[in-house]
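In: following is a predicted model, sequence given first.
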Amino acid sequence: MKVLGCSAALAVALWPGAAFAAADAALKAEASAKVEAQAKLVQEMVDSVFSFAEPGFQEYLTMEYLTGILEKNGFTITRGVAGIPTAWTATWGSDGPLIALGSDEDCPRGLSQYPGIPTLKPMVKGAPGHGEGHNSGVPMMIAAAIAAKEVMAKNKMPGRLMVWPGVAEELLGAKAHYVRAGMFRRVDAVLFGHVGNEFSTGWGDPLRPGLVSVEFNFTGKTAHAGGQPWEGNSALDAVEVMDVAWNFRREHLPTSHRSHSVITNGGEQPNVVPGEASVWYYFRGQRFTGVQELYKIGQEIAQAGALATGTKVSHRILGYAAPNYNNKPLAEALYANMQAVGMPQWSADDQAFAKAVQEKNGRKLQPLRSEVGKLSGPDDFDASANGTSDDIGDVMWNAPTVRFSYPANIPNLIGHNALSAMAMATPIAHKGALAGAKVVAQTVLDLVTDPALVQAARAFQHDVQFAEQSYAPVLGPDDKPAIELNDELMAKYRPAMEKFYYQPKKYGTYLEQLGIKYPTLE
């Protein structure tokens, strides 16, 4: 259970409930109808981004495709924001509150998977794939933005929109750079969606840890490993000493922390003492101070590894994510629209496919959800139950923000796993993204209709959120986005992946292009 500080608890206790002037029901119905009219476009966007399967900092096709759709619909595109070639914004409007609509669009490495079948089968073995479901989020936001824009323009409602993507989220590599570049400096409210298997949101500190991603690079001296090993200083030994020392230190770290690593360079061949070696760590800690302390300990242990092996060490920050904090007035407004829109109407085929995925892969059986989840608050969160990080946290400390889940995947699957890709170019993902777009479009109308809601969101951030913590990122002014991280990976796999790109002018759906009948149950 989360315990608020005294000043924050008092502010929440005195905070009024959701009593803001929601947008007119007829306007919301109009917005939902305009979203529904984009059902075919949403399907094409979800399927296309799935087929591109681009990992962090490589979202070039995804960018060109999605910004092209926004541009055709009257949005002004700015590409290459924050020094990241694949990052962009799409803006519309000239006055009124600025509402930012965001979601992630990258995918993890090594999770290539055919959609629409319930068994593991990579499309290109070893290639990246949407085993997290990020292919559905920005399409959802685009449909919402187009619908809200059309209603606002028709009814002369003041307000501005900014659609933006979370690139390289799986690397926690971009949003802190967005913030440092001032991308959210004048934003009044941020609605951020993440794929899930239900409609849910909450407010306050969800105890989602912050994170710093660091690569430690050791330099030693090569030598003949058999003939003159005493002439060398092994950089790989230094990496191994660091890993062993860190694992001993874990016993004395807070139980809420998470840390994990991979050796990114272990040398060239066994009979050459490695002159260079690298290890990549994620350090996750509660609150800003927790991340900073783990980062400090990591540097000390790396230095100890270097001293023990006669090598030298340097390090580079590859990514950062601040602890999360959701805005209460925004969460309440969004949740009211979730309840009004309701869950998608799942077909018998949808339920049969979900069951087949669960059965064939030894997962707990549970139908696609029919009820909206609860609105969570601080008393509902448990630090020991949540070890995932999300760099939307950096945005949350710079503009009032709410993060929510929308129902575009199957319950009880494994995150960052090919199982989570199986439904992501099927009607389950299409329906979930469409329902999410309706919720977002309606919430945008609430925000541009009632200035008091925007003011309350800002006041909650100042009076409650900032009473608990202040934004204190590890990222420094000289730290650059690691835009080269997946260059070699995509140079290797993109030629084989290209033949799987979706052709919407030729095929009604991606499953049709792949020759997969829905629902395939074996």
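Out: Looks like it arrived, so ask away. Numbers count the residues shown, from 1 in each chain.
In: going by C-alpha atoms from here, please, whenever you check contacts or count neighbours.
Out: Noted.
In: any idea which element Ile297 lies in?
Out: Take DSSP states H and E as the rule and Ile297 turns out to sit in helix 287-309.
In: contacts for that helix, please.
Out: 209-212, 216, 218, 233-235, 237-242, 245-246, 283-285, 312-313, 322-323, 469, 471-474 (C-alpha atoms under 8 Å, 6 or more residues apart in numbering).
In: what sits opposite the nearest residue in space to Ile317 that is not next to it in sequence in the beta ladder?
Out: Sequence neighbours aside, Val214 is the residue nearest to Ile317 in space, at 4.5 Å (criterion: C-alpha to C-alpha, 6 or more residues apart in numbering). Beta-bridge partners recorded for Val214 (DSSP bridges): Tyr281, Ile317.
In: lowest-confidence helix or strand of this structure?
Out: helix 6-14 (a mean of 48; mean pLDDT, DSSP states H and E).
In: any weak-confidence spans in the stretch 301-450 of the chain?
Out: Across the stretch 301-450 of the chain, the stretches falling below the confidence threshold (pLDDT under 70) are 383-385.
In: which stretches of it form strands?
Out: Taking DSSP state E, counting those that start in this stretch as the test, the strands found in the stretch 301-450 of the chain are 312-321, 375-376, 401-407.
In: same deal with the stretch 101-250 of the chain?
Out: Listed from the start of the chain, the stretch 101-250 of the chain has strands (DSSP E, counting those that start in this stretch) covering 160-166, 189-196, 200-202, 210-219.
In: let me have the ones you listed in JSON lines, extended by mean pLDDT.
Out: Below are the strands of the stretch 101-250 of the chain laid out as JSON lines (pLDDT from 0 to 100):
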{"stretch": "strand 160-166", "mean pLDDT": "98"}
{"stretch": "strand 189-196", "mean pLDDT": "98"}
{"stretch": "strand 200-202", "mean pLDDT": "96"}
{"stretch": "strand 210-219", "mean pLDDT": "97"}
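In: could you dump the ones you listed to CSV with mean neighbour count?
Out: Below are these laid out as CSV (neighbours: other C-alpha atoms under 10 Å):
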stretch, mean neighbour count
strand 160-166, 24
strand 189-196, 24
strand 200-202, 24
strand 210-219, 24
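In: of those, which is nearest Val448?
Out: For these, distance to Val448 was read as C-alpha to C-alpha. The smallest value, 8.5 Å, belongs to strand 160-166.
In: what angle do the closest one and strand 189-196 make?
Out: Relative orientation of strand 160-166 versus strand 189-196 (axes from the mean of the first three to the mean of the last three C-alpha atoms, to 10 degrees): 40 degrees.
In: chain center to strand 160-166: distance?
Out: Taking the mean C-alpha point of strand 160-166 and that of its whole chain, the gap between them comes to 14 Å (C-alpha atoms, centre = their mean, to the nearest Å).
In: which parts of the helix holding Ile297 are buried?
Out: By neighbour count with 16 or more other C-alpha atoms under 10 Å, helix 287-309 contains the buried residues 287-288, 290-292, 294-295, 298-299, 301-306, 309.
In: that older thread, any idea how far the residue nearest to Ile317 is from Ser278?
Out: For Val214, the distance to Ser278 under the criterion C-alpha to C-alpha, to the nearest Å works out to 10 Å.
In: burial count for Lys125?
Out: 14 (other C-alpha atoms under 10 Å).
In: what's the burial count for the closest residue in space to it that isn't next to it in sequence?
Out: Across the structure, with C-alpha to C-alpha, 6+ apart as the measure, the residue nearest Lys125 apart from its sequence neighbours is Ser112 (6.6 Å). By other C-alpha under 10 Å, 27 other residues sit near Ser112.
In: what separates stretch 437-454 from the chain centre, distance-wise?
Out: 23 Å.
In: got the buried residues for it?
Out: Residues of stretch 437-454 classed as buried by neighbour count (16+ other C-alpha under 10 Å): 437-449, 453-454.
In: and Thr91, what are its phi and psi?
Out: Backbone dihedrals for Thr91, given as degrees, to the nearest 10, come out at phi -120, psi 150.
In: what's opposite it in the beta bridge?
Out: Applying DSSP bridges to Thr91 yields these beta-bridge partners: Thr76, Met162.
In: you'd agree it is up against Asn73?
Out: No. Here Thr91 does not reach Asn73: they are 10.8 Å apart, not a contact under C-alpha atoms under 8 Å.
In: counting neighbours, go ahead and name the busier of those two.
Out: Taking other C-alpha under 10 Å, Thr91 and Asn73 do not tie; Thr91 has more neighbours (21 against 15).
In: could I get the pLDDT score of the more buried one?
Out: With respect to pLDDT, Thr91 has a value of 98.
In: identify the residues contacting it.
Out: Thr91 neighbours (C-alpha under 8 Å, 6+ apart): Phe75, Thr76, Ile77, Arg160, Leu161, Met162, Val163.
In: of those residues, which is the nearest to Gly102?
Out: Minimum distance to Gly102 across these is 5.9 Å, recorded for Val163 (C-alpha to C-alpha).
In: would you confirm that that closest one contacts Asp104?
Out: No. In this structure, Val163 sits apart from Asp104 without contact. The criterion is C-alpha under 8 Å, and the distance is 11.3 Å.
In: what is the mean pLDDT for stretch 94-108?
Out: In the prediction, stretch 94-108 has an average pLDDT of 97.
In: filter the buried residues of stretch 437-454 down to the ones in helices?
Out: Helix and strand membership here follows DSSP state H; of the buried residues of stretch 437-454, those in helices are 437-449, 453-454.
In: what's the burial count for the closest residue to Ile414 other than its chain neighbours?
Out: Ranked by C-alpha to C-alpha, 6+ apart and with sequence neighbours excluded, the top spatial neighbour of Ile414 is Ser420, at 6.4 Å. When neighbours are defined as other C-alpha under 10 Å, Ser420 has 25 of them.
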